[in-house]
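> Fold the following and give me the result.
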Amino acid sequence: MKSVDMAIIGSGPAGQKAAIQSAKLGKSVALIERNSVLGGACIHTGTIPSKAMREAVLHMTGLMSRGFYGERDQSKRTITIEDLIYRCRAIIRQEILVIREHMMRNGVELLWGRAEFLGPHTIQVCRDDSCDTIEAENIIIATGTTPARPSSIPFDNTHIVDSDTLLELPHLPKSIIIVGGGVIGTEYACMMAALGVRVILTEARNMLLEFADAEITEALQYRMRSMGVTLRLGERVEEVVMVEGPQVQATLQSGKHLRAETLLYCIGRQGGTAKLALDKVGLTPDNRGRLKVNDNYQTEIPHIYAVGDVIGFPALASTSMEQGRLAACHAFGEPTTSIPHLFPVGIYSIPEISMVGKTEAQLTEEGVPYEAGIAQYREIARGQLLGDDGGMR
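Numbering: from 1, shown residues only. This is a model prediction of the structure:
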């Protein structure tokens, strides 16, 4: 049985930084990954593919330059799914090589297989033909999340998809219904609209991205409508079925029927904890598979930490990296300074949104006096250079 100072389950952004930080503190580290390549959902189905796709969309459609050059600026007249994922594949390959190099350079041992707790300090790592057992002084769970797939939605990965299977579509749809106005739904709605796809975005709440400042969200909704996105806010989807065409029909709570060639379901994500045998160490995830942690990212078991998407909001690669680093430092008594309430948030919609700190609504609720200053992009040279005269900061 191998013994290490730190065992980390999951090689996404949180797991990577936790491993490297632990190694830089002179500790022995084992990084466990169930897939055959490093990177987690961030590299393979989440952050990197979606952001690479966004940049490909902007480049191929010439969206930001049309104000200068008109429709002639579109670099490719007919854009296919293959065009979009070509860039994704190249970036993914490079990122995998970079991550592996970082692990080797810092002496992090890689263990391939499915992790399962045998006890508070013992993890079994199984592959198809064999298993290893390791003993760890400290353990960090960084297993990330997968898209929620409720049984009421008849996913077929062709007409009805989630964010993981969207890029596996055989062709770019002419129309799409997107269920869920969170970060993922909003980003893909903008990308699809920029490609000329007819987009209907449904959200049960009365506004997209409710955690963002209302003025910014309102501006984004205006821009999305101007791109041709139909927003159905304040209405819940009650039923999704296939109808003649073939088309997907979504029935709203009000009785409205929405039809499109494809439906993307992106409401909620499920923490990757179901197969870890957490009951053997006395941990119980919530109904979405997420783990509760304290300010130091410790679970109810002090030497077992959890970081990244598996602990919930904000579930962004940048914040996950910092959480992994901070958890590793705390595990080995290394002093750190952290301001989690000021971790930045970036949303890759079109246009992008970035934010840090509290919103005006939060400050008002807390009775904190504030002043707001707004600079319109049309008044700034950078806005003219970018061809983005509708933004603000």
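> Now the strand or helix carrying Ile134: buried residues?
Using DSSP states H and E, Ile134 sits in strand 131-141. Along strand 131-141, these residues count as buried under the neighbour rule (16 or more other CB atoms under 10 Å): Asp132, Ile134, Ala136, Asn138, Ile139, Ile140, Ile141. Backbone N, C-alpha and C define where each C-beta goes, glycine included.
> Could you dump those residues into JSON lines and include distance to Met53 and pLDDT?
Formatted as JSON lines, these follow (distance: CB to CB, whole Å; pLDDT from 0 to 100):
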{"residue": "Asp132", "distance to Met53": "37", "pLDDT": "91"}
{"residue": "Ile134", "distance to Met53": "37", "pLDDT": "95"}
{"residue": "Ala136", "distance to Met53": "37", "pLDDT": "97"}
{"residue": "Asn138", "distance to Met53": "37", "pLDDT": "98"}
{"residue": "Ile139", "distance to Met53": "35", "pLDDT": "98"}
{"residue": "Ile140", "distance to Met53": "30", "pLDDT": "98"}
{"residue": "Ile141", "distance to Met53": "29", "pLDDT": "98"}
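> Save these as TSV, and put in distance to Ala375 too.
Listed next are the buried residues of strand 131-141 as TSV, based on distance: CB to CB, whole Å:
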residue	distance to Ala375
Asp132	56
Ile134	54
Ala136	50
Asn138	46
Ile139	47
Ile140	41
Ile141	42
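> What segments of the protein are helices?
Secondary structure of the chain (DSSP state H): helices at 13-24, 40-44, 47-61, 66-69, 81-105, 183-194, 214-226, 317-331, 360-365, 381-386.
> looking at those, which is buried most?
helix 13-24 (a mean of 27; mean count of other CB atoms under 10 Å).
> now the angle between helix 47-61 and that one, please.
Counting by axes from the mean of the first three to the mean of the last three CA atoms, to 10 degrees, helix 13-24 lies at 120 degrees to helix 47-61.
> Mind exporting the C-alpha coordinates of helix 13-24 to PDB?
Once non-C-alpha atoms are left out, helix 13-24 reads as follows in PDB (Å, rounded to 0.1, in the frame of the first residue of the first chain):
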ATOM      1  CA  PRO A  13      -8.600  23.200 -12.400                       C
ATOM      2  CA  ALA A  14      -9.200  22.700  -8.700                       C
ATOM      3  CA  GLY A  15      -7.400  19.400  -8.500                       C
ATOM      4  CA  GLN A  16      -4.500  20.600 -10.600                       C
ATOM      5  CA  LYS A  17      -3.700  23.600  -8.400                       C
ATOM      6  CA  ALA A  18      -4.200  21.700  -5.200                       C
ATOM      7  CA  ALA A  19      -1.700  19.100  -6.500                       C
ATOM      8  CA  ILE A  20       0.900  21.600  -7.600                       C
ATOM      9  CA  GLN A  21       0.600  23.700  -4.400                       C
ATOM     10  CA  SER A  22       1.000  20.600  -2.200                       C
ATOM     11  CA  ALA A  23       4.000  19.500  -4.200                       C
ATOM     12  CA  LYS A  24       5.600  23.000  -3.900                       C
END
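> So, low pLDDT: which residues of the chain?
42-46, 62-78, 386-388 (pLDDT under 70).
> rerun at 80
Within the chain, the ranges that satisfy pLDDT under 80 run 1, 40-50, 52, 59-88, 340-341, 377-378, 380-393.
> Since that was my last question, I'll sign off now.
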